[in-house]
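Undergrad: I would like to see how this sequence folds:
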Amino acid sequence: MIALPDSPSGADLVAAIRAAAQASGVAIYQFARPLSRYPASWLDQTGKAASPKPQTIERVHALLKGEPVPPPPANNFQSPRSAAIDREALEAADRRAQARRLTTRHPLPLDRPQPTPVIAIDIDRRPQAMSREPCFRCQVRGDLGCAHQLPFDPAAH
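TA: So this is what the prediction gives:
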């Protein structure tokens, strides 16, 4: 068995795994397979660690001794703040449900003042035709009107 220092760095762990794999005549990635599903990236990341976690050191010790490797620690990335956010979301959902239960079908009173109607003003800026003569642009008769002028109104002239 390869001995490790008391507080090994990540590089020390990778060097010990490499030496044990070489001594047993197995490829390093196959030897490190019990540590991770992706041993190449695991070895790369562990080699960069200045002070690996105690669980990692324990798992490497078990691998070097030939014992069963304990499972990796759980990746619990939830912060205490996320629990507060979840609680606030649940409280907001409860408030919405309570408001739905207490709301009537007509949330506004029926005797409320009605809005004033908007008067539709027809703003047609086309000039009025001066006679029944056709439009000089599109040749439509003046008493019919077109896109360029309003229809001719004999009462207006």
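Undergrad: CA only for contacts and neighbour counts going forward, please
TA: Will do.
Undergrad: for the worst-scoring helix or strand of the chain on mean pLDDT, give me every contacting residue.
TA: Least confident element among the helices and strands of the chain, by mean pLDDT, DSSP states H and E: helix 80-102 (a mean of 81). Applying CA atoms under 8 Å, 6 or more residues apart in numbering, the set of residues contacting helix 80-102 from outside is empty.
Undergrad: tell me the gap between it and the middle of its chain.
TA: Relative to the chain's own centre, helix 80-102 is displaced by 21 Å; criterion: CA atoms, centre = their mean, to the nearest Å.
Undergrad: next: stretch 59-73.
TA: For stretch 59-73, the distance to the chain centre is 38 Å (CA atoms, centre = their mean).
Undergrad: give me the contact list for it.
TA: Here stretch 59-73 has contacts from Met1, Ile2, Leu13, Ala16, Ile17, Ala20, Pro34, Leu35, Gln55, Thr56, using CA under 8 Å, 6+ apart.
Undergrad: dump the least confident helix or strand of the chain to PDB, keeping only the CA atoms.
TA: C-alpha atoms of helix 80-102 as PDB (Å, rounded to 0.1, in the frame of the first residue of the first chain):
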ATOM      1  CA  PRO A  80     -30.500  28.600   3.600                       C
ATOM      2  CA  ARG A  81     -31.700  31.500   1.400                       C
ATOM      3  CA  SER A  82     -33.400  29.100  -1.000                       C
ATOM      4  CA  ALA A  83     -35.400  27.600   1.800                       C
ATOM      5  CA  ALA A  84     -36.600  31.200   2.700                       C
ATOM      6  CA  ILE A  85     -37.600  31.700  -1.000                       C
ATOM      7  CA  ASP A  86     -39.500  28.500  -1.100                       C
ATOM      8  CA  ARG A  87     -41.300  29.400   2.100                       C
ATOM      9  CA  GLU A  88     -42.200  32.800   0.700                       C
ATOM     10  CA  ALA A  89     -43.500  31.200  -2.500                       C
ATOM     11  CA  LEU A  90     -45.700  28.800  -0.500                       C
ATOM     12  CA  GLU A  91     -47.100  31.700   1.600                       C
ATOM     13  CA  ALA A  92     -47.800  33.700  -1.600                       C
ATOM     14  CA  ALA A  93     -49.700  30.700  -3.100                       C
ATOM     15  CA  ASP A  94     -51.700  30.400   0.200                       C
ATOM     16  CA  ARG A  95     -52.600  34.100   0.100                       C
ATOM     17  CA  ARG A  96     -53.800  33.800  -3.500                       C
ATOM     18  CA  ALA A  97     -55.900  30.700  -2.700                       C
ATOM     19  CA  GLN A  98     -57.500  32.500   0.300                       C
ATOM     20  CA  ALA A  99     -58.200  35.600  -1.900                       C
ATOM     21  CA  ARG A 100     -59.900  33.300  -4.500                       C
ATOM     22  CA  ARG A 101     -62.100  31.800  -1.800                       C
ATOM     23  CA  LEU A 102     -63.200  35.200  -0.400                       C
END
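Undergrad: no further queries at this time; thank you.
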